[in-house]
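Q: Provided below are the primary sequence and the corresponding predicted coordinates.
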Amino acid sequence: MIRRMLTSLLLLLGVSAMATKMTSPNGKLSVTVEGQMLKVLYQQQQVLEITESHLDASVKELGTIKDDYQMLTGKRSHCENEANEYRCGHVSLRIYNDGIAFRSASPSATTYRIPEGTRRWMQQWCDSYEGFFPLSTTYKVAPVPSYSGISKSAEGWNNRWGYPALLESLPLSPSKRKGEEAVYVLISEANIEHGQSASCLYNDGELFRVVPDQQEPPLSLERAGGEASPWRVVIIGTLKDIVESTLVTDVCVPNKIADTNWIEPGVVSWIYWAYNHGSNDYSIIKKYVDMAQTLHLPYVLIDAEWDDMDKLASNEGKTIEDAVAYAKSKGVKPLIWYNSSIGWVDGAPTPKFRLNKPEDREKEFAWCEKIGVAGVKIDFFSGDNQRNMDFQLDLLESAARHHLLVNFHGATIPRGWQRTWPNLMSTEGVYGAEWYNNVSTFTDKAACHNATLPFTRNVIGPMDYTPCTFSDSQHPHITTHGHELALTVLFESGLQHLADRPESYLAQPQEVRDFLSSLPAAWDETHFIDGYPGEYVIIARRSGNKWYLAGINGTDAVKEVPLNFQGKKVTLFTDEPGKDRTWHIEKQKKTPKSIVFQPRGGFCYIWENR
């Protein structure tokens, strides 16, 4: 009898232990609960430890979540994913095929353990998220002195980090090429709602704590959708899984705009990079409108200081309304710039304080809609706190009522709002090409940085990097023409701003001009082909029946890599070996089995499937 009771008890304990192991629908990912710790396994090997204060082992299986939705922008027009969902105490946990997402019904403490020696690409936090993702194997990194929001540990190391954080969780087999068999983890968050702030990571040694920014107490659960935290998102798998994942939008609230027929991604001509100034000169605005017309670009951005246009004597009384009318007369849709007036205000460019009060915002956006403005670029936010999050959500909702596209600049990174508010075309939150205006640092670091961004920042959402400059700004660039052209395909953004001077674009070969004229700003498919962060990257994207295959070299050496993606009757855009900034353009029967990158070089193949 006693033996039978012990056997029954052990069986019950075994069932209980098994119940705490949770899996993804495809079986590759599994999670076990041990006290307040989640242990995440990829194909039976542990890749991450997460401590969650409101976790317990009373696991309840809630069923399967299936995501199947359309996107107007992004890396894929039709997104599908599924997850097994569980409740562990106060914590909701979803285990997707390409990662996990979890959130708590009560304010909680979340910690990720990143062991010393782990290869990582992490950005020191600053409120604009304009920084590099340098490769490191330690948290012991000195703070960047120019950043806002610097935070140091007692030992003097930086201890505040922004999202996303990319980790090479499992080591490579010595016989394999870099990236071929390693398992990667990318940490971020998604679905910030009204009443919530965004968060970042603070570390104490190997433990990286999720710390929400300033939040107005008490937290309104009614406004925040009944949950105290946004979704903490961890994408897990190969580099292909990381780059192609849509997990950040998968967990977000579905589209709130009933009629989206007016929302059109597109390429934009942009003034600031070339002139390092705003748009108060009517004659220069006309140059960029004319360039957009010549290259068949749908949009032109009229940047800061347009409200002072009539004060410039050479404009002869012309105003923003005249500039908008001129653009429309040329078949080009104008976008205009605003200062958010919540971040940099004193000494900052105008117009200011036109969007902060609801009644002023509605009036301003109604005027934009009336005169024919297609969208707004709103700049100079001040970080991740609840005030900024609520303000940006209010801006998106109001802009949608007035059929205005939105580009957030000088702002936090995207966290999936482009699914909920598809009029959100892009967000800066990246150390982009405009930094050639500011410091000499970017010249030497840009190639490596550019080859890191497709694995880090651009994974989580659109990125207004302002790519593809063939001439120089205040500081020169040493990336090649092929590299610069490839960025327009590698970097995903619903509004893709071309920043160079009109005369620079118009001096390029006709094939290059035709390439820019037909360039998509949203994609039906995205496939990661090959690469390793900071070294090189190759990505294929499809729009309709047209394919683009693009790659860049992040190093100073000639590099030959396999090209395992076949297209027929292709046009190649790349660099002439040994010649500075010289095009090599040719038609080929098909893509070759390998590609040779010039130092800091790049390439694009383009073809159509009929």
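A: Structure's in. What do you need? Numbering: from 1, shown residues only.
Q: any idea what Val31 is bridged to?
A: In this entry, Val31 is beta-bridged to Met22, Val40, by DSSP bridges.
Q: shouldn't Gly74 be in contact with Glu492?
A: Yes. Between Gly74 and Glu492 a contact is recorded at 6.5 Å, counting by CB atoms under 8 Å. Any C-beta I mention is one placed from the backbone N, CA and C, and that applies to glycine too.
Q: joint contacts of the two?
A: Both Gly74 and Glu492 are contacted by Pro462, Trp523, under the criterion CB atoms under 8 Å, 6 or more residues apart in numbering.
Q: tell me, how many residues neighbour the closest residue to Tyr299 other than its chain neighbours?
A: Nearest residue to Tyr299, sequence neighbours excluded (CB to CB, 6 or more residues apart in numbering): Val268, at 4.1 Å. The number of residues packed near Val268 is 29, by other CB atoms under 10 Å.
Q: and if you look at Lys559?
A: By the measure other CB under 10 Å, the count of residues near Lys559 is 17.
Q: helix or strand: which one has the closest residue to Glu525 other than its chain neighbours?
A: Spatial nearest neighbour of Glu525, excluding adjacent residues (CB to CB, 6+ apart): Arg542 at 4.2 Å. Assigned by DSSP states H and E, Arg542 falls within strand 536-543.
Q: what's the offset of that strand from the middle of its chain?
A: In this view, strand 536-543 has its centroid 16 Å away from the chain centroid, taken as CA atoms, centre = their mean, to the nearest Å.
Q: give me the contacts around it.
A: 75, 243, 451, 454-455, 489-490, 520, 522-531, 547-555, 559, 561, 563, 565, 595, 597.
Q: may I have the beta-bridge partners of the residue nearest to Glu525?
A: Beta bridges link Arg542 to Glu525, Trp547, judged by DSSP bridges.
Q: make 13 the starting number, not 1.
A: From this message on, residue numbering opens at 13, which makes the last subject Arg554.
Q: pLDDT wise, what is it at?
A: In this prediction, Arg554 carries a pLDDT score of 98.
Q: tell me how many other residues crowd it.
A: A count of neighbours around Arg554, defined by other CB under 10 Å, yields 18.
Q: how close does it get to Thr538?
A: 8 Å (CB to CB, to the nearest Å).
Q: repeat that for Val279.
A: 18 Å.
Q: and what of Ile297?
A: Ile297 is 34 Å from Thr538, where distance means CB to CB.
Q: who has more neighbours, these two?
A: Between Ile297 and Thr538, counted using other CB under 10 Å, Ile297 has the larger neighbour count: 27 against 18.
Q: return the residues in contact with the nearest residue to that one once chain neighbours are set aside.
A: The spatial neighbour of Ile297 that comes closest, neighbours along the chain excluded (CB to CB, 6+ apart), is Ala335 at 5.0 Å. By CB under 8 Å, 6+ apart, the contact set of Ala335 is Ser291, Tyr294, Ile297, Lys298, Val301, Ile314, Trp318, Met321, Pro346.
Q: please enumerate the helices of the stretch 263-412 of the chain.
A: 284-287, 294-306, 332-341, 370-383, 398-413 (DSSP state H, counting those that start in this stretch).
Q: with the stretch 413-562 of the chain instead?
A: 429-432, 453-462, 493-502, 514-518, 522-529.
Q: those into a markdown table, with extra columns for mean neighbour count?
A: Compiled in a markdown table, those are given as follows (neighbours: other CB atoms under 10 Å):
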| stretch | mean neighbour count |
| --- | --- |
| helix 429-432 | 25 |
| helix 453-462 | 20 |
| helix 493-502 | 26 |
| helix 514-518 | 16 |
| helix 522-529 | 16 |
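Q: and for Lys580, nearest residue in space, chain neighbours not counted?
A: Leaving aside its sequence neighbours, Lys580 sits nearest to Lys602 (CB to CB, 6+ apart; 4.9 Å).
Q: picking that back up, Leu74 is nearest to which of the helices of the stretch 263-412 of the chain?
A: helix 398-413 (27.5 Å; CB to CB).
Q: tell me which residues in that closest one are buried?
A: Across helix 398-413, burial judged by 16 or more other CB atoms under 10 Å covers 398-405, 407-412.
Q: and the residues you listed, which is closest to Val524?
A: Distance to Val524 across the buried residues of helix 398-413 (CB to CB) is lowest for Ala411, with 33.7 Å.
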